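> Pasting the sequence and the predicted coordinates here, then a few questions.
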Amino acid sequence: MAARTLIVCSLALGGSVARAQAPSTRRPDARVSDGQIQLTRRPVAVIDMTNDQAVRDVANKLLERLASHGELAPPAISDAAALVDRLPPDDELRVGDAQRKLSSAVQNLAQRNFREAAIDAVEGQELLLHVMPRAAITLYADLALALGQSRLGEKKDAEAREAFALTYRLDPARTLDDLHYLPEVVEMFEAAKTGDPGVGTIAVRGAGRVWIDGQEIGSAPGEFKAAIGRHVVWLTGFLREAGGKEVLVTATRSGDATIMDGPLTRPQKVVRFRTAVSQAPDPAARASAMAALAAFVHVHDAVLLSAVNGKIVWQTWRDAEPGFSALRELGRDGSFEILNLLAPRPAPKLIAVSEPQLVPPVETTRWYQRRPVQVGLVATVVAAVVGGYLWARYKEPDRPWNTNITGPPSGSPGAP
């Protein structure tokens with residue numbers, strides 16, 4: 001039993017070692033399944049760079065071709081959709097909703113519904129806390145101004161001054177004229193712009209880039225100097241959702257801006273990588289963004305589609321040199337032209353044909369035609385002839401004839 005167990009264990013160990021060594025010698029596009037090496041198709045990312053419907057139609061057609069291609073394949077389904085589908089208008093929707101809140105606040109101010117106007121302004125600001133600062137800052141200042149007017153109408157002068165001061169921080173070039181605003185509003189706004197309120201700090205807790213009043217100033221977590229008063233803080237990041245918070249800095253207490261991370265789903269992350277490629281400011285940044293996208297979606301090849309002057313153009317990218325190919329206008333062949341460049345058809349192989357060597361046929365002879373047999377027969381015949389001749393010529397030698405025939409000598413046996 002011990003010997004049998006040792007043999008079984010040795011065989012199992014040898015099989016494990018063989019399986020462990022197999023991947024190191026297999027092709028890069030192969031995988032091991034149930035101990036057998038299977039070839040896999042090469043995935044190719046298809047990217048719509050312009051968010052254009054005509055480009056998107058070409059991209060979807062190309063993905064269909066890749067799905068049935070013998071050597072190439074589309075990436076994972078969710079990744080492929082995020083690289084081609086219309087970009088989600090998250091910021092646009094929030095900005096649109098915030099603009100409607102501002103219109104409602106202005107209308108309530110005209111009707112002297114100050115409380116309702118304040119509610120509209122605050123709700124609009126909350127929407128903009130999840131928008132990238134550069135897209136939100138001007139509208140946020142408009143809402144802060146509407147909130148200041150509302151607080152002034154509610155006889156909350158301290159809160160009105162804070163709102164007006166925030167408006168000025170967000171938009172230092174803004175001025176109010178008497179034709180559109182009440183004199184008390186103009187007077188308090190101008191008062192909020194002047195003076196030195198002092199300096200405090202804002203403690204930002206979270207992860208990402210820190211924006212205070214629309215200006216990018218560093219990375220979180222950390223503490224940052226800020227004037228005493230109300231401020232709006234945003235945290236942004238490549239793979240996180242924008243998040244913000246309003247804080248109040250006083251002479252005795254720093255502002256607390258604890259902003260939780262806003263994790264993105266995988267499709268949202270793919271969209272961020274895609275946007276980074278399309279908005280890259282220079283070739284080096286574009287190459288770096290493309291390499292990061294390819295690594296994230298696990299591809300080594302990509303097709304980038306865009307529209308220029310009403311025409312669809314395309315180029316390929318590979319993680320090997322030279323990277324991006326030259327731009328080409330989409331021809332009549334469409335997706336077939338692109339696929340042929342990615343996986344060209346192999347040239348027909350020439351098979352060298354050598355002249356056949358002539359092999360003489362093997363002659364078959366009968367037994368009596370064989371040389372040894374014939375030699376043996378001849379030797380036999382010769383031996384017979386010579387033997388007969390010698391026998392015929394044989395003659396016994398002459399012997400003398402004894403004519404004196406007598407009986408046996410006397411005394412011998414048989415003598416009388």
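Done, it's in.
> Quick one: end-to-end distance for stretch 170-186.
Taking CA to CA, to the nearest Å, the span from the opening residue of stretch 170-186 to its closing residue is 17 Å.
> Quickly note the distance from the residue lying closest to residue 70 once chain neighbours are set aside to residue 86.
Closest residue to residue 70 in three dimensions, ignoring its sequence neighbours and counting by CB to CB, 6 or more residues apart in numbering: residue 41, at 7.4 Å. Yep, even glycine has a C-beta here, placed from its N, CA and C like the rest. To residue 86, residue 41 is 28 Å away according to CB to CB, to the nearest Å.
> Show me which of these two is the more surrounded one.
Regarding residue 41 and residue 86, a neighbour count based on other CB atoms under 10 Å identifies residue 41 as having more, with 15 against 10.
> Where do the strands of the stretch 1-150 of the chain begin and end?
In the stretch 1-150 of the chain, the strands defined using DSSP state E, counting those that start in this stretch lie at 30-33, 36-39, 42-48, 72-73.
> among the ones you listed, where is the model least confident on average?
When the strands of the stretch 1-150 of the chain are compared on average pLDDT, strand 36-39 comes out lowest at a mean of 45.
> tell me the average confidence for stretch 76-92?
On average, the pLDDT along stretch 76-92 is 90.
> what does it rub up against?
By CB atoms under 8 Å, 6 or more residues apart in numbering, the list of residues contacting stretch 76-92 from outside reads 45-48, 51, 56, 59-60, 63, 74-75, 130-132, 135, 266-268, 270-271, 274-275, 297-298.
> Same check on stretch 283-302?
By CB under 8 Å, 6+ apart, the list of residues contacting stretch 283-302 from outside reads 42-47, 72, 75-76, 79, 83, 269-270, 273-274, 276-277, 280, 316-320, 323-324, 342.
> Among those, the buried ones, what's the PyMOL command?
Selecting the buried subset of those in PyMOL, with 16 or more other CB atoms under 10 Å as the burial test, is done by:
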select buried, resi 42+43+44+45+46+47+72+75+79+83+269+270+273+274+276+277+316+317+318+342
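> Name the residues of the helix or strand that contains residue 376 that are buried.
Secondary structure here is read from DSSP states H and E; on that basis residue 376 sits in helix 371-392. In terms of neighbour count (16+ other CB under 10 Å), helix 371-392 has no buried residues at all.
> Can you get me a residue count around residue 298?
Other residues near residue 298 come to 11 when the count uses other CB under 10 Å.
> Could I get the pLDDT score of it?
Among the per-residue scores, residue 298 shows a pLDDT of 94.
> what does residue 205 give?
As summarised for this prediction, residue 205 has a pLDDT of 94.
> for the one 10 residues further on, same thing?
Reading off the confidence values, residue 215 has pLDDT 94.
> how much space between it and residue 202?
In this structure, residue 215 and residue 202 are 12 Å apart, going by CB to CB.
> Give me the more crowded residue out of these two.
Between residue 215 and residue 202, counted using other CB under 10 Å, the more crowded position is residue 202 (22 against 11).
> What is the three-state secondary structure of that one?
Per DSSP: H, G, I helix; E, B strand; the rest coil, the local secondary structure of residue 202 is strand.
> which residues sit in contact with it?
Contacts for residue 202 were tallied using CB under 8 Å, 6+ apart; they are 212, 223-226, 231, 233, 247, 249, 254-257.
> Confidence-wise, which of these comes last?
Ranked by pLDDT, the contacts of residue 202 bottom out at residue 254 (89).
> beta partners of the residue lying closest to it once chain neighbours are set aside?
Leaving aside its sequence neighbours, residue 254 sits nearest to residue 201 (CB to CB, 6+ apart; 4.1 Å). Counting by DSSP bridges, residue 201 is bridged to residue 225.
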